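**Student:** fold the following for me, if possible:
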Amino acid sequence: MVNFCYQLIEEENERQRHFNITVIRIYLILLILILTIQLKNNSMLYLSIPIVLALAYHFPIISFQLIQ
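**Tutor:** Model (predicted):
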């Protein structure tokens, strides 16, 4: 019974880890897209700066959750 509970906890941890990695990939793809748009069109600069800052703010939090 204890082994079964431990196995369930491990599976849930693995699922959470996989979710965190997926979120980081999505954030990185969004960041690359935003920077690409920013380089192509300078008028988008004022729109992309807050989004990039928001991504930069959330990225360490996600990374920290991934480590734990």
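**Student:** make it CA atoms for all contacts and neighbour counts henceforth
**Tutor:** Fine.
**Student:** can you report how many residues neighbour Arg17?
**Tutor:** Residues near Arg17, counting by other C-alpha atoms under 10 Å, number 16.
**Student:** state the distance from Tyr27 to Val52.
**Tutor:** As judged by C-alpha to C-alpha, to the nearest Å, Tyr27 and Val52 stand 10 Å apart.
**Student:** buried ones in the longest helix anywhere in the chain, by neighbour count?
**Tutor:** As assigned by DSSP state H, the longest helix anywhere in the chain is helix 2-40. Residues Arg17, Asn20, Ile24, Tyr27, Leu31, Ile34, Leu35, Gln38 are the ones in helix 2-40 that count as buried (16 or more other C-alpha atoms under 10 Å).
**Student:** mind giving me JSON lines with those and columns for pLDDT?
**Tutor:** What follows is those, written out as JSON lines (pLDDT from 0 to 100):
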{"residue": "Arg17", "pLDDT": "78"}
{"residue": "Asn20", "pLDDT": "75"}
{"residue": "Ile24", "pLDDT": "77"}
{"residue": "Tyr27", "pLDDT": "79"}
{"residue": "Leu31", "pLDDT": "79"}
{"residue": "Ile34", "pLDDT": "76"}
{"residue": "Leu35", "pLDDT": "75"}
{"residue": "Gln38", "pLDDT": "68"}
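**Student:** can you lay out those residues as CSV showing distance to Gln7?
**Tutor:** Formatted as CSV, the buried residues of helix 2-40 follow (distance: C-alpha to C-alpha, whole Å):
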residue, distance to Gln7
Arg17, 15
Asn20, 20
Ile24, 26
Tyr27, 30
Leu31, 36
Ile34, 41
Leu35, 42
Gln38, 47
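**Student:** from these, which two are the most distant?
**Tutor:** Arg17 and Gln38 (31.5 Å; C-alpha to C-alpha).
**Student:** tally of neighbours for Val52?
**Tutor:** Val52 is flanked by 16 other residues according to other C-alpha under 10 Å.
**Student:** against Thr36, how distant is it?
**Tutor:** Distance from Val52 to Thr36, by C-alpha to C-alpha: 12 Å.
**Student:** same check, this time on Tyr27
**Tutor:** Taking C-alpha to C-alpha, one finds Tyr27 at 14 Å from Thr36.
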